[in-house]
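Visitor: Would you be able to build a 3D model of this:
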Amino acid sequence: MSSAILVLLGIMALSALGGWWLSARQDQEKAVKVMLFVGYFWALAFAQLLLVAASYFGWQHYTQ
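Guide: Numbering: from 1, shown residues only. Alright, predicted model coming up:
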């Protein structure tokens, strides 16, 4: 499997675990917890993708 696919799967897994953990700590109804999970999942995924893109750019820019 390609390393890019493995990185994306890792980001998805970390975002899912983080979203589940953050939404499980809230004392809300089930429907609200599901919406919180989705929000936390996408926020964490976006933040991780930004970090991966920035580190890749820095690696490409400063190693040549």
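Visitor: quick one, helices of the protein?
Guide: 3-24, 30-62 (DSSP state H).
Visitor: count of neighbours near the nearest residue to W20 once chain neighbours are set aside?
Guide: Closest residue to W20 apart from its sequence neighbours, by CB to CB, 6 or more residues apart in numbering: F37 at 6.2 Å. (Each C-beta comes from the backbone N, C-alpha and C, glycine too.) Counted by other CB atoms under 10 Å, the residues lying close to F37 total 19.
Visitor: same deal with the one 4 residues further on?
Guide: When counting by other CB under 10 Å, one arrives at 19 neighbours for F41.
Visitor: who touches the residue lying closest to it once chain neighbours are set aside in this structure?
Guide: Spatial nearest neighbour of F41, chain neighbours left out: G19 (3.7 Å); criterion: CB to CB, 6+ apart. Residues near G19 by CB atoms under 8 Å, 6 or more residues apart in numbering: L36, F37, V38, G39, Y40, F41, L44.
Visitor: correct me, but the first one touches Q26?
Guide: Looking back up the chat, that one is L36. Yes - counting by CB atoms under 8 Å, Q26 is a contact partner of L36 at 5.9 Å.
Visitor: who's more crowded, the two?
Guide: Neighbours per residue, other CB under 10 Å: of L36 and Q26, the larger number sits with L36, 18 against 12.
Visitor: could you measure that one against V52, distance?
Guide: According to CB to CB, to the nearest Å, L36 stands 24 Å off from V52.
Visitor: Sketch out the low-pLDDT regions of this protein for me.
Guide: The model of the chain has no residue with pLDDT under 70.
Visitor: Can you pull up the most central residue in it?
Guide: In the chain, the centroid-proximal residue (CA atoms, centre = their mean) is A45; its distance is 2.5 Å.
Visitor: quick one on the thing from earlier: in JSON lines: the contacts of G19, plus distance to G58.
Guide: Below are the contacts of G19 laid out as JSON lines (distance: CB to CB, whole Å):
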{"residue": "L36", "distance to G58": "33"}
{"residue": "F37", "distance to G58": "31"}
{"residue": "V38", "distance to G58": "31"}
{"residue": "G39", "distance to G58": "29"}
{"residue": "Y40", "distance to G58": "27"}
{"residue": "F41", "distance to G58": "26"}
{"residue": "L44", "distance to G58": "21"}
